[in-house]
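> here is a sequence with its predicted model. Questions after.
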Amino acid sequence: MAGPGGDMQWCFSQVKGAIDDDVAEADIISTVEFNHTGELLATGDKGGRVVIFQQEIENKNQPQFRSEYNVYSTFQSHEPEFDYLKSLEIEEKINKIRWLPQKNAAQFLLSTNDKTIKLWKISERDKRPEGYNLKEDDGRYKDPNSITSLQVPVLIPMDLMVEASPRRVFANAHTYHINSVSVNSDNETYLSADDLRINLWHLEITDRSFNIVDIKPANMEELTEVITAAEFHPHQCNTFVYSSSKGTIRLCDMRASALCDKHSKLFEEPENPSNRSFFSEIISSISDVKFSHNGRYMMTRDYLSVKIWDLNMENRPVETYQVHEYLRSKLCSLYENDCIFDKFECCWNGNDSVVMTGSYNNFFRMFDRGHRRDITLEASRENSKPMQVLKPRKVCTGGKRKKDEISVDSLDFNKKILHTAWHPQDNIIAVATTNNLYIFQDKVN
Amino acid sequence: MEVNIEAKRILAVSISKLYASRTQRGGLRLHRSLLLSLVMRSARDIYHASRECEAPSEAQSAPEEPMDTGSSPEEASRQPEPQLATSGAETCSDSEEPASDAEEYDCEIAEDKENLSPARQSRKRRGKASAAPDFLPSKRARLEPGEERHAAPLGSCRAGAGDSLTTLSLNRVIPAF
């Protein structure tokens, strides 16, 4: 059957992670990100580890190629720390990973926990030197008296080794919890955002950062909103946006002033008064904001919907997609079980024609902007035969439940898909369930 | 009234969530605390609004009730909250907290309500409407044998730049940072 984007048919490709139903907390995936070519796929988890997968393509020249992502590098990015002054533990959970565009043979990424951002260099080593003058091949030092001639060491091939090393540590700049990092298109600076402040860094300089947004009120009792996400414009190095817990997005121009507290644009949709409830404020809080690749639009995710905004129109979004409207009547239960605080992310496909976001019961949703179609798919071990086509799922909202539909009350709210990523060029997606990473591919790529 | 019951339940759930977040790894999350306080405020407003509708004849409770419509709406919250705080705090593993929490609330109420002198050691029940809401336990902390209840001097209990969640008024959740 035809899905979004015309004839897209999503098939299972791979699943990474333990099959065990008993999930270790450290294995919970907290972020997923493709690099700029899509060749590398990075995941971060609650245990502070980063795992990078590399794409290996079979039969690249044929129209229907199958690509596989295999483990390329694994390293411990962050460790738990203790803030002695505040008697607080700092979690090692990786909140965000962002790749830098590749400049040389090595790959670089920024990974962050609640307080510290680190720049990691991932490099390959496939040769090693042999024939040292002062050392044997096994490392022991030679007896100097036995050396009678000089030789030039040669590089000989060895098994590929991938090394990750921390090149920069950007610490002590955030009082509150970091929720976003975003690399500027100038490839020299990046921003980091916490609940109340946004800082601008230079990738080479770790002991200094510029504060560019500060929404902390003089009296904390007057606090009404916090920053929930921030991102640089993909092409305009002076422009960035940040979203708030009140459902607004502010676009700022760094040319206007050093401190961008005054926004250049404010994107806000008036609330529908008929939807007012105890939980209106919570569900209008924006959990993610992403610019489109072409830089003309941005997408925001709040608890129940995805909205697409035209950067030239501030008073309302140009498109709104309901992710799981059937949950609106369940907000009280979702408040009690904490699900209402879940922060779902969203992503664009390579040509900005389709957007994707996660939901509960390991469902994820895609919205085809051009064809006005949407589809619900499920990431589950039951549908994990190689190249098995995913069947569209449907949630029954009331009345008679049709065959193959699932009723709202049967949804498993512990199985949530918060993090998804789309390959920048191809129709390959990475979908993270609690502790597994699913990779799906369009059948006709 | 259904809305009233709903509001009560949401208030109770919110308070327990706030307390649970104190022991969460990584410290208090500002965003979550803010959202919780917003929900609590809505629930509290609706709860009080519906109680006012229910008990319009309780005119003698005037000294305390007008706080609801006063310039600082959060004062009204201090009445139900101390009981919640005390009961919640008693379940905390930290055994020193309950007594100090209760005293802090006592003195804050003493400061903010013009009619009550700070030296007052017991609060007379002024009527049904101002009595503790029935879902909340007794407001006074248990005293150890030999302990006396003191009236704290004015102004000494402000948490200021306090960095632990000892006060629970809605607006004070945030300054806990």
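Okay, I see it. Residues are numbered from 1 along each chain as shown, chains lettered A, B, ... in the order given.
> strand partners (parallel or antiparallel) of the strand or helix carrying A:Gln55?
Using DSSP states H and E, A:Gln55 falls within strand A:49-58. Taking DSSP bridges as the criterion, strand A:49-58 forms sheet pairs with strand A:40-45 (antiparallel), strand A:66-76 (antiparallel).
> so which of the ones you listed is the most packed in?
Sort the strands paired with strand A:49-58 by mean neighbour count, taking mean count of other C-beta atoms under 10 Å in any protein chain shown, and strand A:40-45 sits at the top with a mean of 25. C-beta: built from backbone N, CA, C; applies to glycine.
> in CSV, list the strands paired with strand A:49-58 along with mean pLDDT.
CSV is the format used below for the strands paired with strand A:49-58 (pLDDT from 0 to 100):
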stretch, mean pLDDT
strand A:40-45, 98
strand A:66-76, 92
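> which stretches of the chain have low pLDDT?
All of this refers to chain A. By pLDDT under 70, the low-scoring segments of chain A are A:1-7, A:59-65, A:444-445.
> hmm, no, I was thinking of chain B.
Using pLDDT under 70, chain B drops low at B:1, B:55-177.
> confirm that A:Phe108 sits in a strand.
Yes. Judged by DSSP: H, G, I helix; E, B strand; the rest coil, A:Phe108 forms part of a strand.
> follow-up on the earlier one: hmm, who's touching the strand holding A:Gln55?
Residues from elsewhere that reach strand A:49-58, judged by C-beta atoms under 8 Å, 6 or more residues apart in numbering or on different chains: A:16, A:26, A:38-45, A:65-77, A:94, A:97, A:109, A:111, A:120, A:122, A:162, A:164.
> in CSV, list the C-alpha atoms belonging to stretch A:48-60.
Output of stretch A:48-60 as CSV, limited to C-alpha atoms (Å, rounded to 0.1, in the frame of the first residue of the first chain):
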residue,chain,number,x,y,z
GLY,A,48,26.7,8.2,29.6
ARG,A,49,27.9,6.0,26.8
VAL,A,50,27.9,6.9,23.1
VAL,A,51,27.6,4.2,20.5
ILE,A,52,28.4,5.0,16.9
PHE,A,53,27.2,2.8,14.0
GLN,A,54,28.7,2.9,10.5
GLN,A,55,26.8,2.2,7.4
GLU,A,56,28.0,-0.6,5.2
ILE,A,57,26.3,-0.7,1.9
GLU,A,58,25.8,-3.9,-0.1
ASN,A,59,25.2,-3.5,-3.8
LYS,A,60,25.3,0.2,-3.8
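> list the buried residues for that stretch?
Buried residues in stretch A:48-60, counted by 16 or more other C-beta atoms under 10 Å in any protein chain shown: A:48-55.
> same thing with stretch A:318-337?
So stretch A:318-337, judged by 16+ other C-beta under 10 Å, has buried residues A:321, A:323-324, A:326-327, A:330-331, A:334-335.
> what is the nearest of the buried residues of stretch A:48-60 to B:Val3?
Ranked by distance to B:Val3 (C-beta to C-beta), the buried residues of stretch A:48-60 are led by A:Gly48 at 45.1 Å.
> now the closest one. Nearest residue, chain neighbours left out?
Once flanking residues are discounted, A:Gly48 sits nearest to A:Glu92: 3.2 Å by C-beta to C-beta, 6 or more residues apart in numbering or on different chains.
> next, the one you found: secondary structure please.
coil.
> wait, it sits on A:Phe82?
No. With contacts counted by C-beta atoms under 8 Å, A:Glu92 stays clear of A:Phe82, the gap being 11.3 Å.
> more neighbours, the two?
Set A:Glu92 next to A:Phe82 and count neighbours by other C-beta atoms under 10 Å in any protein chain shown: A:Glu92 wins out with 23 against 10.
> what does the helix or strand where A:Val306 lies rub up against?
A:Val306 belongs to strand A:305-310 when assigned by DSSP H and E. Strand A:305-310 has contacts (C-beta under 8 Å, 6+ apart) with A:249, A:267, A:269, A:296-300, A:317-323, A:325, A:346, A:355, A:357, A:367, A:369.
> and those, which of them are in strands?
Cross-referencing the contacts of strand A:305-310 against strands under DSSP state E gives A:249, A:267, A:297-300, A:319-322, A:346, A:355, A:357, A:367.
> out of the residues you listed, which end up buried?
Of the ones in strands among the contacts of strand A:305-310, these count as buried by 16+ other C-beta under 10 Å: A:249, A:267, A:297-300, A:321, A:346, A:355, A:357, A:367.
> in TSV: the residues you listed, plus distance to A:Asn187.
Formatted as TSV, those follow (distance: C-beta to C-beta, whole Å):
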residue	distance to A:Asn187
A:Ile249	25
A:Phe267	27
A:Tyr297	23
A:Met298	21
A:Met299	23
A:Thr300	26
A:Tyr321	33
A:Cys346	25
A:Val355	26
A:Thr357	28
A:Phe367	31
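> so can I have a markdown table of the residues you listed showing distance to chain B?
Below are those laid out as a markdown table (distance: C-beta to the nearest C-beta, whole Å):
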| residue | distance to chain B |
| --- | --- |
| A:Ile249 | 16 |
| A:Phe267 | 20 |
| A:Tyr297 | 25 |
| A:Met298 | 20 |
| A:Met299 | 20 |
| A:Thr300 | 16 |
| A:Tyr321 | 23 |
| A:Cys346 | 18 |
| A:Val355 | 24 |
| A:Thr357 | 19 |
| A:Phe367 | 26 |
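> what is the nearest of these to A:Ile340?
Closest to A:Ile340, out of all of those and judged by C-beta to C-beta, is A:Thr357, at 16.2 Å.
> assess the claim that that closest one and A:His419 are in contact.
No. Here A:Thr357 does not reach A:His419: they are 10.0 Å apart, not a contact under C-beta under 8 Å.
> anything in contact with each of those two?
A:Glu345.
> buried residues in stretch A:398-406?
A:Ile406.
> likewise for stretch A:258-274?
Buried, per 16+ other C-beta under 10 Å, within stretch A:258-274: A:260, A:263-265, A:267-269.
> go through those and say which is closest to chain B.
Checking the buried residues of stretch A:258-274 against chain B with C-beta to the nearest C-beta, the nearest one is A:Glu268 at 17.2 Å.
> ok, that closest one touching A:Met313?
No. Judged on C-beta under 8 Å, A:Glu268 makes no contact with A:Met313 at a distance of 11.3 Å.
> give the intersection of the neighbour lists for these two.
By C-beta under 8 Å, 6+ apart, no residue touches both A:Glu268 and A:Met313.
> pull out the buried residues from the longest helix seen in chain B.
Assignment by DSSP state H gives helix B:30-54 as the longest helix of chain B. Applying a neighbour-count criterion of 16+ other C-beta under 10 Å, the buried positions in helix B:30-54 are B:30-44, B:46-48, B:50-51.
> near chain A, from these?
B:30-32, B:34-35, B:38-39, B:42-43, B:46 (C-beta under 8 Å from any C-beta of the partner chain).
> where do the strands sit along the stretch 1-150 of chain A?
For the stretch 1-150 of chain A, the strands defined by DSSP state E, counting those that start in this stretch occupy A:10-16, A:29-34, A:40-45, A:49-58, A:66-76, A:81-83, A:88-90, A:96-99, A:107-112, A:117-130.
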